[in-house]
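> need a structure here:
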Amino acid sequence: MSSTPVRPDPSIEPPAFADLGLRPELLAALSALGYEEPTPIQREAIPPLLVGRDLLGQAATGTGKTAAFALPLLQRMPEERPDGEPVALVLVPTRELAVQVSEAFHRYGKDLGARVLPIYGGQPIGRQLRALDSGVDVVVATPGRALDHIARGTLRLGSLTAVVLDEADEMLDMGFAEDIEAILEHAPQQRQTVLFSATMPARIDGMARAHLTDPVRILIAREQPVAGEAPRVRQSAYLVTRAHKPAALGRVLDVESPTAAIVFCRSREEVDRLTETMNGRGYRAEALHGGMSQEQRDRVMSRLRAGTADLLVATDVAARGLDVEQLSHVVNYDVPSAPESYVHRIGRVGRAGREGVAITLAEPREHRMLKTIERVTGQRITIDKIPTVADLRTRRLELTQAALRESLLEDDLEPFRVIVESLSDEFDLMEVALAAVKLAHEATLPGSDEAEEEIPQVAVRPPRPIRPEYDGRGDRRGGRPRAGGVTQVFIGLGRRAGVRPQDLVGAITGETRVSGRDIGSIEIADRFSLVEVPLAVADEVIAGLRGSTIKGRKATVRLDRDNRR
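From the prediction side, this is the model:
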């Protein structure tokens, strides 16, 4: 058993995915996705998982854990699977993670014909039943919904060869310990069991002792920054959903107005897509990744250093050793996979006494990783609000004012005096100045603010305590609410706002500790919706929805006056 923390040796060339023993179909999928080299957790976890070892891994969110277990599971999947029962079960704490992990399996295993099914609360159970009946290879599930299907007899675990517990500490924090134990009791004793957790409290270790056999233990060690070498960098982060990231990046860069900036992405595919988006927004953006020849890379760097490009969108691998004197900003389009990666990235700015700015766009579930980076580096990362359209307009006017001030101080304006004197005979001098400023503003910053839309603000909420009379998971402790113990919540948005049942379920489960399977009937009218919830958590649901948005809009939320019970 290995319990020594893994410390990457900078003198050793990192291995490629091909060096890990993965089959050609998986390597082709990784190459098509633009993945250039494995992360530390992938390098250490994939080899033992490929030979069937149990594994206990400690690694933070965003370090590449999904590929670390998905690739070996896909490789070990038997070629003939006639009975249609799943051979692998992945348990995750939230529906969002279930979808994310399922999509990753689909991307990696498309050439293997892998059948992957996410099952979670809030999704129509009929669709899940049909898919399970047709046969699946990998099930990615939240514990509560998995246990529901096991009880129904629709999820049969007799053919399982592997079980993965992803973000195990999160699942325990959410009260899923009993559900997980019950699920593992139904799984075959002879199986591969994999447990990943960002932290390793005693109860995680106890679970590992009970369910893992002679596991390989992996801890990805953190590189501590050298004292006194921290760059002079202002560090901030913005919480934003995946769908709004491109718009948020453009908005932040518009307000920051960098001299030159690097935006770090995880894959070549994302680099190419984002480069095209930013060029469409008016930036002179260039892509840099491992899929380009050395000649192409050299041309890109020449344009950046010459000032004919002001935005470089790159992968970590392609940007190694890069030093651009005029670089003022580094942007992490995703939270880096490890604190040491974060330190290396922000070290691109703030050199030789120069000040720099490091910006990170984090999805809400990556907030924990930001805290880990703060703890390891000993440097504060300020969580800022995404600039509004009003902020953008103000900033653009400030830039125009700065440009005019510079011209007044440094330029020879005498040749233009005759124009001002001529116009001042006909118009007030202030009006002449206003017209000149307007023309300068529009010439310097082409485009209109009118096309800009507000980007929804995302707030990190502390976990709400579960009410004693209801534990948020039905009858595991307090018993499923009895008949009459439900009520309807009125939400002042309906079909005209594009609201769908999944939007309402997602909002409730995302803002409260209520699971999707505890939500009852949903009625959506033109202008409002009614959602049936347990009476014991109605106040929590109302408070959660009042503090959030649905389809980007605030809504009136209250108990339905006509359906109180």
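
> Leu50 - how many residues pack around it?
For Leu50, the number of neighbouring residues by other Cβ atoms under 10 Å comes to 17. For every residue, glycine as well, the C-beta is placed using N, CA and C.

> ignore the last one, Ala358
Ala358: 23 neighbours (other Cβ under 10 Å).

> swap in Val51?
11.

> and the pLDDT at it?
Val51 is assigned 95 on the pLDDT scale.

> for Ile180, same thing?
Looking at Ile180, its pLDDT stands at 94.

> which residues does it contact?
91, 143, 165, 171, 207 (Cβ atoms under 8 Å, 6 or more residues apart in numbering).

> which element is the spatially closest residue to the second one that is not a sequence neighbour on?
Leaving out its chain neighbours, the residue that sits closest to Pro143 by Cβ to Cβ, 6 or more residues apart in numbering is Asp179, at 3.8 Å. Using DSSP states H and E, the element containing Asp179 is helix 177-186.

> next one: the helix or strand following that helix to chain centre, how far?
Per DSSP H and E, helix 177-186 leads on to strand 192-197 as the next helix or strand towards the C-terminus. Strand 192-197 sits 22 Å away from the centroid of its parent chain (Cα atoms, centre = their mean, to the nearest Å).

> got it, and stretch 369-381?
Worked out by Cα atoms, centre = their mean, stretch 369-381 lies 17 Å from the chain centre.

> which parts of that stretch are buried?
Using 16 or more other Cβ atoms under 10 Å as the test for burial, stretch 369-381 gives 369-370, 372-374, 376-377, 379, 381.

> list the buried residues for the least confident helix or strand in the chain by mean pLDDT?
Using mean pLDDT, DSSP states H and E, helix 339-346 stands out as the lowest-scoring helix or strand of the chain, at a mean of 77. Within helix 339-346, the residues scored as buried using 16+ other Cβ under 10 Å are 339-346.

> can you check stretch 534-552 too?
534-538, 540-542, 544-545, 548, 550.

> send me that stretch as CSV with only the CA atoms.
In CSV, the C-alpha atoms belonging to stretch 534-552 read as follows (Å, rounded to 0.1, in the frame of the first residue of the first chain):
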residue,chain,number,x,y,z
PRO,A,534,-43.0,18.9,2.1
LEU,A,535,-44.7,21.3,4.5
ALA,A,536,-41.7,21.0,6.9
VAL,A,537,-39.3,22.7,4.4
ALA,A,538,-41.7,25.1,2.7
ASP,A,539,-40.1,28.1,4.5
GLU,A,540,-36.7,27.0,3.5
VAL,A,541,-37.7,26.6,-0.2
ILE,A,542,-39.3,30.1,-0.2
ALA,A,543,-36.3,31.7,1.4
GLY,A,544,-33.9,30.0,-1.0
LEU,A,545,-35.9,30.9,-4.1
ARG,A,546,-36.4,34.5,-3.0
GLY,A,547,-32.6,34.9,-2.8
SER,A,548,-31.9,33.4,-6.3
THR,A,549,-33.0,33.7,-9.9
ILE,A,550,-34.9,31.4,-12.2
LYS,A,551,-34.1,31.7,-15.9
GLY,A,552,-32.1,34.8,-14.9
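
> tell me the one of the buried residues of stretch 534-552 nearest Ile386?
Nearest to Ile386 out of those is Ser548 (Cβ to Cβ; 15.7 Å).

> nearest residue to the closest one other than its sequence neighbours?
Ser548's closest residue in space is Glu511 (Cβ to Cβ, 6+ apart), at 5.0 Å.

> any idea how far the one you found is from Gln488?
18 Å (Cβ to Cβ, to the nearest Å).

> check Glu185 too.
Distance, Glu185 to Gln488, by Cβ to Cβ: 37 Å.

> between those two, which one's more packed in?
More neighbours surround Gln488 than the other of Glu185 and Gln488, with 22 against 11 (other Cβ under 10 Å).

> quick one: strands adjacent to the helix or strand that contains that one?
Per DSSP H and E, Gln488 falls inside strand 486-491. Strand pairing for strand 486-491, determined by DSSP bridges: strand 529-534 (antiparallel), strand 557-559 (antiparallel).

> quick one, which of the ones you listed is packed in tightest?
strand 529-534 (a mean of 22; mean count of other Cβ atoms under 10 Å).

> off-centre distance for that strand?
29 Å.

> contact partners of it?
Contacts for strand 529-534 (Cβ under 8 Å, 6+ apart): 470, 481, 485-491, 493-494, 499, 504, 508, 514, 518-523, 541, 560, 563.

> now do the helix or strand just after it: which elements does it pack against?
Going down the chain from strand 529-534, the next helix or strand is helix 538-546, by DSSP H and E. With contacts taken as 3 or more Cβ pairs under 8 Å, 6 or more residues apart in numbering; DSSP states H and E, helix 538-546 sits against strand 486-491, helix 501-511, strand 557-559.

> tell me what angle helix 538-546 forms with strand 486-491.
Using axes from the mean of the first three to the mean of the last three Cα atoms, to 10 degrees, the inter-axis angle of helix 538-546 relative to strand 486-491 is 20 degrees.
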